[in-house]
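> quick one: sequence plus predicted model below, questions after.
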Amino acid sequence: MIVISLLLGLAAVVVAGRWIIDRASVDAATVIVASRDIDVGTRLTPDMLQPSDWPRATVPEGSFQDAKLLDTRVVKVNLVRGEPLLEAKLAPQGAAGGLSGVIAEGKRAITVKVNEIVGLAGFALPGNNVDILVNAKDENDKPISKIVLERILVLAVGQDLGRDETKPKAVTAVTLEVTPQEAEKLDLARSIGTLSLVLRNQIDKSPGTTAGVRTRDLLKLHSEPAPAPVRRTPVATPRAGVEIIRGIERTEAKPVEKETR
């Protein structure tokens, strides 16, 4: 009985395995995926791609079934090994590789000189969003610190477009993606003062509109109100009397008060 039970169980496993394989072969589709990690701005070559079976019911929208359609295309995001190639992750047809293929339509790339402090000690990585802070002087020639741009995308740090979150990178320049109007503001801001980057949460879309901070706000110095005038109560001064000496008698004559009408 035991031997018969084992044989029946083994037969059930074989039948079930063949059924699963048949179902997978019927419902599977071919999707082109990355054969290795690919950095943003890289022009695709055949050795970077490979076909992979993918459940037909969950084939990603915009995926490719033919690797020839991806030849010379440029990726605009970082890809990991086994990740499917999607149209949304690629630069438009004919885009050149490198930074120009990463810039979104209608946007511009501008590079800002930074140091270890301004560059957030290397923690501003490609793909992060930052605010731009300028320290300058206002119309009254008084120091002021003000946020001039918000949610600016970091395209590259130094000459590196890749995103490696394992450690910070000490660089001398950061390339930012901005609109033409933001590029004008940023160029003016760096000409009138010093710039700093403020790292922000990727999903935080709350505005950071402020009036700026001045020296008096920082040190909490406010003009003191003028002291209230002191009211003085007039004090009546007694008039001096006249002393009269007659022989051995001494008398004092008090002054006569004038009658006031």
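Good, I have the coordinates. Numbers count the residues shown, from 1 in each chain.

> list of residues touching stretch 104-111?
Residues outside stretch 104-111 that contact it (CB atoms under 8 Å, 6 or more residues apart in numbering): 92, 99-100, 103, 155, 173-180, 183, 186-187. Bear in mind the C-beta positions are built from the backbone N, C-alpha and C, glycine included.

> now do 7 Å
99, 103, 155, 173, 175-180, 183, 186 (CB atoms under 7 Å, 6 or more residues apart in numbering).

> again, but for stretch 208-218
By CB under 7 Å, 6+ apart, stretch 208-218 touches 131, 142-147, 150, 222.

> please work out the average pLDDT along that stretch.
For stretch 208-218, mean pLDDT rounds to 79.

> again with stretch 74-88
88.

> same check, this time on stretch 152-169
pLDDT averaged over stretch 152-169 gives 69.

> can you map out the strands along the stretch 51-200 of the chain?
108-113, 129-137, 143-157, 173-178, 194-199 (DSSP state E, counting those that start in this stretch).

> need the ones you listed in TSV with distance to Ala12, can you?
As requested, the strands of the stretch 51-200 of the chain are arranged in TSV below (distance: least, CB to CB, whole Å):
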stretch	distance to Ala12
strand 108-113	62
strand 129-137	55
strand 143-157	56
strand 173-178	59
strand 194-199	58
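
> hang on, the earlier thing: for PyMOL, what selects the buried ones among the contacts of stretch 208-218?
PyMOL command restricting the contacts of stretch 208-218 to the buried ones, with burial defined by 16 or more other CB atoms under 10 Å:
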select buried, resi 131+144+145+146+147+150
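
> one step back: narrow the contacts of stretch 104-111 to just the buried residues.
For the contacts of stretch 104-111, buried by 16+ other CB under 10 Å: 99, 103, 155, 175-178, 183, 186.

> and which of those residues is nearest to Ala11?
Leu155 (60.3 Å; CB to CB).

> mind giving me the domain split of the protein?
Domain segmentation of the chain under the TED database yields 25-100, 108-219.

> next, format those domains as CSV and append distance to Glu249.
Putting these into CSV (distance: least, CB to CB, whole Å) gives the following:
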stretch, distance to Glu249
domain 25-100, 119
domain 108-219, 77
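
> weakest of those domains by average pLDDT?
In terms of average pLDDT, domain 108-219 trails the rest of the domains of the chain, at a mean of 80.
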